[in-house]
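Visitor: Starting from these lines, generate the structure:
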Amino acid sequence: MEAIKTNKRYLFPEDYMADPSVHVFNGKIYIYPSHDIELDNVENDNGDCYVMEDMHVLSIDGDPMTGKVTDHGKAFDMKDVPWGGRQLWDCDCIEKDGKYYLYYPLKDKNDVFRIGVAVADRPEGPFKAEPDPIRGSYSMDICVLKEEDGYYLYFGGLWGGQLQRYRDNKALESAELPEGDEPSLPSRCVRLSDDMLQFAEDPRPIQVVDEDGNPLKAGDPHRFFEASWVHKYNGKYYFSYSTGDSHLLCYAVGDNPYGPFVYKGVILTPVVGWTTHHSIVEYEGKWYLFHHDSVPSGGKSWLRSLKVCELTYDKDGNILTIEGMD
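Guide: Numbers count the residues shown, from 1 in each chain. From the prediction side, this is the model:
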């Protein structure tokens with residue numbers, strides 16, 4: 001499918017932020033991004049150049065393409081996490097019973113990614129961290145879906161995201177990264193406990209399959225790599241994700257939160273910068289894709305800037321592919 005060109009807006013040029021998780025709370029759009037900083041940024045497959053240490057919450061007054069963007073200041077700092085070590089990567093936030101729960105990945109003092117929870121009374125925070133990470137948690141890249149029967153948390157990422165170090169929710173002696181015609185590694189989904197602070201079950205694999213029901217292969221440029229996001233459109237569940245080293249945003253469609261999800265196509269072609277990470281949200285009858293690129297930093301992949309553009313479906317519910325570099 002040929003990519004379409006759309007109007008895009010840089011949302012917060014005053015600072016480098018990326019990996020936007022976006023929700024509508026109390027009729028207003030709130031953005032929960034990671035916060036890029038420049039230190040001794042060394043690019044490698046472990047993602048050591050991404051040294052985020054805190055996060056701010058942004059909101060938009062009205063239309064995402066034109067409304068005023070407000071920075072509510074530092075809402076969370078990894079220094080306030082008792083078990084934390086380094087790299088406060090991309091998070092997500094969800095509301096339940098008037099409380100706001102921030103789920104964040106952070107390496108512990110042994111350099112292993114865990115998922116923590118922090119709680120606030122307002123969507124902009126500040127958020128207070130629970131004393132321990134979620135039991136049984138691992139990897140990174142968080143998305144939370146609110147359903148009538150509960151809340152579902154999606155997570156997982158390859159390479160620096162450490163997903164290849166686990167099978168059946170247990171750590172391996174040696175990492176196993178599939179290649180070629182082997183089935184690709186899947187994202188994970190888990191229902192949250194009623195108090196929102198733990199997993200209510202063992203995480204399940206989220207398979208992206210072809211039209212015949214076969215998992216996409218590790219060598220397929222459209223296979224899952226990181227950046228899970230789930231939204232609903234016309235009663236269907238849309239699982240979207242980044243393909244990492246092939247630099248695409250893709251999506252698949254399923255009938256329930258656990259999948260399987262049938263691969264459908266590309267949402268966004270490559271942007272300037274190594275990573276592509278996103279969220280999709282509806283606001284006042286229109287759909288929007290929030291993402292990032294590295295144009296303002298001169299192409300430094302670890303200094304990224306937030307962007308937004310409209311997202312369009314065709315009559316069959318397919319997402320029209322957007323040109324990333326227009």
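Visitor: low pLDDT regions in this structure?
Guide: Within the chain, the stretches with pLDDT under 70 are 1.
Visitor: switch the cut-off to 90
Guide: 1-2, 39-47, 274-275, 326 (pLDDT under 90).
Visitor: need the helices for it, in chain order.
Guide: Applying DSSP state H to the chain gives no helices.
Visitor: At the geometric centre of it, which residue sits there?
Guide: Centroid check for the chain by CA atoms, centre = their mean gives residue 227 as the closest residue, at 3.9 Å.
Visitor: list the contacts for it?
Guide: Going by CB atoms under 8 Å, 6 or more residues apart in numbering, residue 227 touches 19, 90, 141, 157, 240-242, 249, 276-278. Every residue, glycine included, has its C-beta placed from N, CA and C.
Visitor: and the nearest residue to it once chain neighbours are set aside, how many residues sit next to it?
Guide: With sequence-adjacent residues excluded and distances taken as CB to CB, 6 or more residues apart in numbering, residue 227 is closest to residue 242, at 3.8 Å. Residues lying near residue 242 (other CB atoms under 10 Å) number 27.
Visitor: Please apply the same query to the one 10 residues further on.
Guide: Each residue near residue 252 was counted by other CB under 10 Å, and the total is 24.
Visitor: I'd guessed it sits against residue 243; true?
Guide: No - counting by CB atoms under 8 Å, residue 252 does not reach residue 243; the two are 11.8 Å apart.
Visitor: Give the bridge partners for residue 229, please.
Guide: Judged by DSSP bridges, the bridge partners of residue 229 are residue 240.
Visitor: tell me the contacts of it?
Guide: 21, 143, 154, 239-241, 278-280.
Visitor: go again using 6 Å as the cut-off
Guide: By CB atoms under 6 Å, 6 or more residues apart in numbering, residue 229 lies in contact with 143, 240, 279.
Visitor: ok, so of those residues, who is nearest residue 9?
Guide: Residue 9 lies nearest to residue 279 out of those, by CB to CB, at 15.1 Å.
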